[in-house]
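Asks: generate a structure from the sequence data that follows.
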Amino acid sequence: MIISDSNLRPTSDMLHIALQILVRCAPNFHLDYIKIIANKVWKNLFQYFSVISPNDLRNLKKETIDVFFKTVSYFSKYVDEKDSKQASLENFSFYFAIQMIKTGSLDKKIQGAKIMIDLFKNNETFTKENISLFEQNNLFNELFINNTHLQLVTKSKEILPILINYDMMNNKEYELLWGLTKKGDIELKISIINILQDLCREDKLKDKHINFLLDKIFQIEELSTEEVDVRNDNKY
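Replies: This next block holds a predicted model:
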């Protein structure tokens with residue numbers, strides 16, 4: 001399946017073993033042969049993960065993901081020039097991160113968020129070309145709103161300045177973030193308030209969005225003792 005056009009789908013354990021053998025043996029192959037199989041390896045692995053079920057993705061072991069990226073990294077250097085941009089490691093990593101974020105697994109979501117944040121922070125050209133896919137795939141809601149989890153919010157917060165920089169944070173998104181402070185989880189409330197405070201301190205927010213959030217703060221009629229402490233500590 002990896003270097004042929006077979007429609008057979010190996011189990012994740014079989015895939016792990018096959019990729020491990022391939023990536024270990026590849027440096028011993030003749031360069032012409034590597035170039036011949038590079039496109040097939042890229043195409044078939046991309047196809048495998050483009051149709052992988054959420055359940056199979058959730059069950060993928062970290063070791064399998066690691067060897068997969070090693071394989072893609074190695075063979076992407078040898079794909080045909082006309083396919084080189086599509087077959088870049090960055091492109092695949094981004095696509096894979098989207099798949100991970102859309103799973104129901106907290107660990108996979110966090111791992112996908114880390115991959116995406118690293119890509120955006122380390123490659124400005126790539127970010128400009130692909131940031132719109134973040135919105136198209138509804139990833140803001142996947143990371144912060146749907147089935148909200150404190151750990152995921154904390155691990156994903158570094159993407160917010162990037163979204164702000166590309167004008168992808170508007171009142172709608174701030175309204176959704178602020179809504180998390182009303183869910184009754186005091187730790188989540190503190191985390192969201194601190195995240196917004198950090199964005200203000202770093203001068204990331206636009207004036208209109210600062211005013212929007214200030215309006216929300218001043219509309220609060222009654223705070224719990226913990227919220228009063230947070231508000232005072234943060235000088236809100």
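Asks: going by C-alpha atoms from here, please, whenever you check contacts or count neighbours.
Replies: Noted.
Asks: so where's the protein uncertain?
Replies: By pLDDT under 70, the low-scoring segments of the chain are 1-9, 80-87, 184, 220-236.
Asks: helices along that one, start to end?
Replies: Applying DSSP state H to the chain gives helices spanning 12-25, 31-50, 54-58, 62-75, 89-101, 106-122, 124-136, 139-140, 150-156, 159-165, 171-179, 186-201, 207-218, 225-233.
Asks: JSON lines please, covering these and showing mean neighbour count.
Replies: Formatted as JSON lines, those follow (neighbours: other C-alpha atoms under 10 Å):
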{"stretch": "helix 12-25", "mean neighbour count": "15"}
{"stretch": "helix 31-50", "mean neighbour count": "17"}
{"stretch": "helix 54-58", "mean neighbour count": "15"}
{"stretch": "helix 62-75", "mean neighbour count": "17"}
{"stretch": "helix 89-101", "mean neighbour count": "20"}
{"stretch": "helix 106-122", "mean neighbour count": "19"}
{"stretch": "helix 124-136", "mean neighbour count": "13"}
{"stretch": "helix 139-140", "mean neighbour count": "19"}
{"stretch": "helix 150-156", "mean neighbour count": "17"}
{"stretch": "helix 159-165", "mean neighbour count": "16"}
{"stretch": "helix 171-179", "mean neighbour count": "15"}
{"stretch": "helix 186-201", "mean neighbour count": "17"}
{"stretch": "helix 207-218", "mean neighbour count": "13"}
{"stretch": "helix 225-233", "mean neighbour count": "13"}
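Asks: and I195, what does it touch?
Replies: By C-alpha atoms under 8 Å, 6 or more residues apart in numbering, I195 lies in contact with K157.
Asks: how close does it sit to K155?
Replies: 11 Å (C-alpha to C-alpha, to the nearest Å).
Asks: do the same with Y74
Replies: Note on Y74: its distance to K155, by C-alpha to C-alpha, is 29 Å.
Asks: repeat for V67
Replies: On the measure of C-alpha to C-alpha, V67 and K155 end up 24 Å apart.
Asks: repeat that for F69.
Replies: According to C-alpha to C-alpha, F69 and K155 sit 22 Å apart.
Asks: next one: R24
Replies: As judged by C-alpha to C-alpha, R24 and K155 stand 33 Å apart.
Asks: and what of D107?
Replies: Using C-alpha to C-alpha, we find D107 at a distance of 11 Å from K155.
Asks: how about the spatially most central residue of the chain: what's its closest non-neighbour residue?
Replies: By C-alpha atoms, centre = their mean, the chain has its centre lying nearest to A113, at 3.0 Å. Nearest residue to A113, sequence neighbours excluded (C-alpha to C-alpha, 6 or more residues apart in numbering): S156, at 6.0 Å.
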